[in-house]
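In: pasting a predicted model and its sequence here:
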Amino acid sequence: GHLLGAGERGEALARHAETVLAACPPSAPQAGQKVYLARGADGLETPLPGSVNSECIEAACAVNAARGSGNLARVSLEQLLAWAPDAIVTQYAEFAALARRDAAWNALPAVRAGRLFLAPNLPFGWLDGPPSVNRLIGVRWLREVLSPRQPATDWIDEAQAFHRLFYGHVPPRELLARSIAAA
């Protein structure tokens, strides 16, 4: 912020990010739920633990259900059954629809239990892409959907406040409502 002559704004953005990330200290995720982040239309691509694409899982006090090292991996349903995630999250509506109706995906306890979550993705993905500040709101959203408590946040208001703070532009309420309602 100082380099750009916007020190006060930089501090405000940093405080917001620090608050979101401090809610889950680095030692907390080991006790969290196992979450599988499904990418693509078939849901069989996922980020591996420690990769930039999986940071939102750990920041939400959860554990990446995937195993291995590297960045992204193609996996099989058999691998996914062995990993036995407590929840599955995705930004891909076509995958969410497939998983809800497909018998093979319904063999996963998380899908049968209604623990398949579609993250909002407009105007940017809340969880995975692109890896930037847009994931801060996704971390808060993921933490809440994984919580056993009833969701309490008005995500339309929250998204508008987030966009105002980080982007200086507030998307129309109707656009956010469609994205969040799909989730």
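Out: It's in. Here the structure is a predicted model, which is why all the values come from computation and not from measurement.
In: tell me the phi and psi of Gly43?
Out: Torsion angles at Gly43 (phi, psi; degrees, to the nearest 10) stand at phi 70, psi 10.
In: averaged pLDDT, stretch 47-65. What do you get?
Out: Here stretch 47-65 scores 93 as its mean pLDDT.
In: if I look at the spatially most central residue of the chain, how far off is Phe162?
Out: Nearest to the geometric centre of the chain sits Leu127, at 3.4 Å (Cα atoms, centre = their mean). Distance, Leu127 to Phe162, using Cβ to Cβ, to the nearest Å: 14 Å. All C-beta spots, glycine's among them, are computed from the backbone N, C-alpha and C.
In: what does Leu98 give?
Out: Going from Leu98 to Phe162 by Cβ to Cβ gives 29 Å.
In: higher neighbour count, these two?
Out: Legend: neighbour count by other Cβ atoms under 10 Å for Leu98 and Phe162, higher for Phe162 (21 against 17).
In: surely that one forms part of a helix?
Out: Yes - counting by DSSP: H, G, I helix; E, B strand; the rest coil, Phe162 is part of a helix.
In: leaving out sequence neighbours, find the closest residue to it.
Out: Among residues not flanking Phe162 along the chain, Ile137 sits closest, at 4.7 Å (Cβ to Cβ, 6 or more residues apart in numbering).
In: next: Gly32.
Out: Gly32's closest residue in space is Ala62 (Cβ to Cβ, 6+ apart), at 4.1 Å.
In: what about the protein, any weak spots by pLDDT?
Out: Applying pLDDT under 70 to the chain flags residues 26-31, 151, 182-183.
In: hey, where'd the helices end up in it?
Out: With helices called from DSSP state H, the chain shows them at 7-22, 55-59, 77-83, 93-101, 109-112, 134-146, 155-167, 173-182.
In: need the contact list for Leu175.
Out: Each residue near Leu175 by Cβ atoms under 8 Å, 6 or more residues apart in numbering is listed here: 122-123.
In: change it to 10 Å
Out: Neighbouring residues of Leu175 by Cβ atoms under 10 Å, 6 or more residues apart in numbering: 122-123, 156, 159.
In: pick out the most distant pair among those residues.
Out: Greatest spacing in the contacts of Leu175, by Cβ to Cβ: Pro123 and Ile156 (13.9 Å).
In: more crowded one of these two?
Out: Taking neighbours as other Cβ under 10 Å, Pro123 and Ile156 compare with Ile156 leading, 18 against 14.
In: assess the claim that that one and Arg173 are in contact.
Out: Yes - if you go by Cβ atoms under 10 Å, Ile156 and Arg173 touch, sitting 6.0 Å apart.
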